[in-house]
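Trainee: Give me a model of this one.
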Amino acid sequence: MPHADGNMRPVKETAGVLLRILLLAPGPRVPVDGAAAVMRIAKAGFGQYVAQLRHALGNDELVDRSGGVVQYTGDRTQSDAAIIERKHDEILKAIDGDEVITAALAARILPTLLEIRGLYVGNPAMGLSGFQLADVPPDCQQWAIELDDVTSDWMQRWSSVQLMLADCLMLTSPGRTTGRSLLKELLKIARNPDPAEEVFPRLLKAAGMSGDVRQHRNAWDLTQRFYEHEQMEFPPELEELAPTVQKIANTPWAPHRARPLQHPLEYGSGTDDAIHDIARLLGITSVLKLRGAEVEPAECIERTTRRLYFSGVLASKWVCDAGVRSDFERLLTRLDSAEGDGSDVRFLIIDPDGDAYNQLYQLRGGRLSKESVPLLQELAVRHRSFRVRVVNALPAFRIVVIDDDFVTFSPYAIEGERYATSKLGWEAPHVMLDPLAPYPLADAFRLYFEERWASANDLDLSRNLPRRSTR
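Mentor: Numbering: from 1, shown residues only. Here you go, the predicted model:
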């Protein structure tokens, strides 16, 4: 909502819920007792949120509280919610009942859908669901039921916008970028307690278009679970949208293992199902080799939207290849210009001047070079979004964290023979973790990275190290 001075002011958390109630409630006069129950606060604390909202709007008269009632005295028809509703109705009129959106129709309605998406950043119904009717005073329960109906309508409207937007974007600009941008919102709809069946074909198409192996598997799993739960026959046309990723033997996603797991993991019939259940609970989605997979630095760079964390030895695979380094610098340049969105690239490497480096040099029989260090220094000097820190300890894992939905780790092959066997790390197994799992192992590795980062020292940028060095 705009401030009285014409500028936008954020209305956050509980005060934001109060504003949504005032703008979306069936009538302008909102019972304080009912609003407090929906906000899940004590009535005694209601006044502080009225004060916060008045301050955010810059005009005390816009929020009137008297006689057990609170109301927004401004023009509710000019709120974002009202604008979204009008634009959505325009689109439905343009579609005029057509079941299939053609390329021509998509080009016509896409600009309006994009306008709605921009307004829907603050979902008008956010925070208005989930309250218990028993917690609402009896004389306010009918009002609360009507508000819940309004909230349900807004959730359906949001789903409708996302599905139409998915259809239009996949028609007008198919490709990885489109697929990845659509996945986030479509997954939200699919994970709702009662999702619409229409979301699943779009979800699978977007996942396939994105080239995101992990999310394609997640989408396929969600789709199968939906039809199993609803006891509906799985549509044959969806079978064509199944992920076709080659599985690696001896992992939870490849039950026909090359060799059996040892006790206590293998304990009789149903082993594969048990391992699948454990993997899903922890968010273990796949085991991949570094080369040619989405955990390769080039793929990670392409995938990153705003945040990239890496922990390893000296980050040579990120900067020593000129092509990869060029792509990496383009990412940093883009993130440098991003303001206030948490853009952040952190590399945590072994201290090139520490005892641990010398120890690793000996363990690998001299197969260790500092040539990446001056390249990292140069990038850190040129780009404010890029920070490098060092630790004087041998790394236990190679860790990559991308944005909020991708974590991978691999145990390091420290000794020279194991390092050579893994083909300098390219053939080492990398485990991909889903942060959205019920008990995400991804969070443990992210926390492990952040704790090591907090105790690490900044890489010295004041001097240049020789690019070719053996010790």
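Trainee: Flag the shaky bits of the chain, pLDDT-wise.
Mentor: Along the chain, segments meeting pLDDT under 70 span 1-12, 97-99, 121-123, 245-277, 283, 285-295, 339-342, 405, 413-428, 463-471.
Trainee: By residue count, tell me the biggest helix in it.
Mentor: Taking DSSP state H as the assignment, the helix of the chain that covers the most residues is helix 141-172.
Trainee: Please spell out which residues along it are buried.
Mentor: 143-144, 147-148, 150-151, 154-155, 157-171 (16 or more other C-beta atoms under 10 Å). C-betas here are computed from N, CA, C, even on glycine.
Trainee: likewise stretch 27-37?
Mentor: 30-37.
Trainee: Same question for stretch 173-191.
Mentor: Per 16+ other C-beta under 10 Å, stretch 173-191 contains these buried residues: 178-183, 185-187, 189-190.
Trainee: quick one, helices of the stretch 301-450 of the chain?
Mentor: Ranges of helices in the stretch 301-450 of the chain, per DSSP state H, counting those that start in this stretch, are 316-319, 322-336, 355-363, 372-382, 416-421, 441-455.
Trainee: quick one, helices of the stretch 151-300 of the chain?
Mentor: 176-190, 199-210, 213-229, 236-239, 271-282, 297-303.
Trainee: I'd like the ones you listed written out as JSON lines, with distance to residue 80 added.
Mentor: Listed next are the helices of the stretch 151-300 of the chain as JSON lines, based on distance: least, C-beta to C-beta, whole Å:
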{"stretch": "helix 176-190", "distance to residue 80": "17"}
{"stretch": "helix 199-210", "distance to residue 80": "24"}
{"stretch": "helix 213-229", "distance to residue 80": "29"}
{"stretch": "helix 236-239", "distance to residue 80": "35"}
{"stretch": "helix 271-282", "distance to residue 80": "38"}
{"stretch": "helix 297-303", "distance to residue 80": "31"}
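Trainee: Relative to residue 439, which of those is closest?
Mentor: For residue 439, the closest of the helices of the stretch 151-300 of the chain is helix 271-282, at 5.1 Å, according to C-beta to C-beta.
Trainee: hmm, back to that, closest to residue 284 out of the helices of the stretch 301-450 of the chain?
Mentor: Nearest to residue 284, of the helices of the stretch 301-450 of the chain and by C-beta to C-beta, is helix 441-455 at 6.6 Å.
Trainee: Just the CA coordinates for the closest one, please, in PDB.
Mentor: Extracted in PDB, the C-alpha atoms of helix 441-455 (Å, rounded to 0.1, in the frame of the first residue of the first chain):
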ATOM      1  CA  LEU A 441      19.800 -33.200   5.500                       C
ATOM      2  CA  ALA A 442      20.500 -30.200   3.300                       C
ATOM      3  CA  ASP A 443      20.000 -27.900   6.300                       C
ATOM      4  CA  ALA A 444      22.700 -29.700   8.200                       C
ATOM      5  CA  PHE A 445      25.300 -29.200   5.400                       C
ATOM      6  CA  ARG A 446      24.200 -25.600   4.900                       C
ATOM      7  CA  LEU A 447      24.700 -25.000   8.700                       C
ATOM      8  CA  TYR A 448      28.000 -26.800   8.600                       C
ATOM      9  CA  PHE A 449      29.200 -24.400   5.800                       C
ATOM     10  CA  GLU A 450      27.900 -21.300   7.600                       C
ATOM     11  CA  GLU A 451      29.600 -22.300  10.900                       C
ATOM     12  CA  ARG A 452      33.000 -22.900   9.100                       C
ATOM     13  CA  TRP A 453      32.500 -19.600   7.200                       C
ATOM     14  CA  ALA A 454      31.900 -17.700  10.500                       C
ATOM     15  CA  SER A 455      35.200 -18.900  11.900                       C
END
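Trainee: Could you point out the helix or strand that follows it?
Mentor: strand 457-458 (DSSP states H and E).
Trainee: Pairing partners for that following strand, with directions?
Mentor: With DSSP bridges as the test, strand 457-458 is paired with strand 386-391 (antiparallel).
Trainee: Need the residues that contact the partner strand.
Mentor: Residues from elsewhere that reach strand 386-391 (C-beta atoms under 8 Å, 6 or more residues apart in numbering): 315, 332, 344-352, 354, 356, 376-377, 379-380, 452-453, 455-459.
Trainee: can you rerun that using 7 Å?
Mentor: For strand 386-391, the surrounding residues in contact (C-beta atoms under 7 Å, 6 or more residues apart in numbering) are 332, 345-351, 376, 379-380, 452-453, 456-459.
Trainee: Can you tell me what sits against stretch 221-228?
Mentor: Counting by C-beta under 7 Å, 6+ apart, 190-191, 195, 200, 203-204, 234, 238 sit against stretch 221-228.
Trainee: Neighbour-wise, give me the winner out of those residues.
Mentor: residue 203 (30 neighbours; other C-beta atoms under 10 Å).
Trainee: who touches residue 107 in this structure?
Mentor: residue 172.
Trainee: How is it assigned, secondary-structure-wise?
Mentor: What DSSP: H, G, I helix; E, B strand; the rest coil gives for residue 107 is helix.
Trainee: if we can go back for a sec, can you flag which of the buried residues of stretch 27-37 belong to helices?
Mentor: 32-37.
Trainee: on that earlier part again, including distance to residue 402, could the helices of the stretch 301-450 of the chain go into a markdown table?
Mentor: Output for the helices of the stretch 301-450 of the chain, formatted as a markdown table (distance: least, C-beta to C-beta, whole Å):
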| stretch | distance to residue 402 |
| --- | --- |
| helix 316-319 | 13 |
| helix 322-336 | 11 |
| helix 355-363 | 26 |
| helix 372-382 | 18 |
| helix 416-421 | 25 |
| helix 441-455 | 11 |
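Trainee: what's the most buried one of the ones you listed?
Mentor: Counting by mean count of other C-beta atoms under 10 Å, helix 316-319 has the highest mean neighbour count of the helices of the stretch 301-450 of the chain, with a mean of 22.
Trainee: Could you pull up phi and psi at the nearest residue in space to residue 147 that is not next to it in sequence?
Mentor: In space, and not counting its chain neighbours, residue 147 is closest to residue 25: 5.7 Å by C-beta to C-beta, 6 or more residues apart in numbering. Per-residue torsions, residue 25: phi -60, psi 150 (degrees, to the nearest 10).
Trainee: now the one 4 residues further on
Mentor: Backbone dihedrals for residue 29, given as degrees, to the nearest 10, come out at phi -90, psi 110.
Trainee: That one contacts residue 71, correct?
Mentor: Yes - between residue 29 and residue 71 there is a contact under C-beta atoms under 7 Å: 5.1 Å.
Trainee: residues in contact with residue 315?
Mentor: Taking C-beta under 7 Å, 6+ apart, one finds 347, 349, 372, 376 in contact with residue 315.
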